[in-house]
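Student: no FASTA, just this:
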């Protein structure tokens, strides 16, 4: 297996964990970024306002598919809404020491993307958002709040349009956590998890969970 490119014939998408250098960007195995415009190696450029002094992390789970143009806006982009002025005085040399340290304010925590998440083209993920396992984010969406597991969200701001499966199936999938299994075991169940036969899927998952 190529450590960078999942498909030897196409260099338009790559494994994220093979190209990032920032220790505050953590991506799980098999999660990839696709970009025919700037090249998939440009992923880190799409994580913006990510300053060391803020201390926030972008954490991406396993088996995620992230399309071109997706932008992760980190906490360094936040301006204070609870102050008289929203201007970030603390990051301007002339005003340093006169305002509260910027890192003490407006930090909404880490941005966390679950496992098996698909993020569509040109979507924007705002600071501190948590996207649950199996969720889908539609193209051009702006995600400003947490997304539940296996929800489909679209729009600006993104809202839940539906859930991919019924609650029983979602609960079973969250118990199964197929993405955490050894890769040889995952290979055996790929025919099952890539099938649209939901009734059979439930039966098989229940057997695996016993």
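Tutor: Arrived safely, thanks for sending. The model shown is predicted, which means the values in this text are computed figures rather than measured ones.
Student: The spatially closest residue to residue 26 that is not a sequence neighbour in helix, strand or coil?
Tutor: Nearest residue to residue 26, sequence neighbours excluded (C-beta to C-beta, 6 or more residues apart in numbering): residue 59, at 4.9 Å. For glycine as for every other residue, the C-beta is placed from the backbone atoms N, C-alpha and C. Local secondary structure at residue 59 is given as strand here, using DSSP: H, G, I helix; E, B strand; the rest coil.
Student: who's in contact with residue 49?
Tutor: Each residue near residue 49 by C-beta atoms under 8 Å, 6 or more residues apart in numbering is listed here: 73, 74, 75, 76, 77.
Student: roughly how far apart are it and residue 71?
Tutor: According to C-beta to C-beta, to the nearest Å, residue 49 stands 10 Å off from residue 71.
Student: what about the helix or strand of the chain with the lowest mean pLDDT, distance to the chain center?
Tutor: None of the helices or strands of the chain scores lower by mean pLDDT, DSSP states H and E than helix 198-209, at a mean of 83. Between the mean C-alpha location of helix 198-209 and the chain-wide mean there is a distance of 27 Å, by C-alpha atoms, centre = their mean, to the nearest Å.
Student: residues in contact with that helix?
Tutor: The contact list for helix 198-209 (C-beta under 8 Å, 6+ apart) reads 165, 168, 169, 172, 173, 175, 176, 189, 192, 193, 195.
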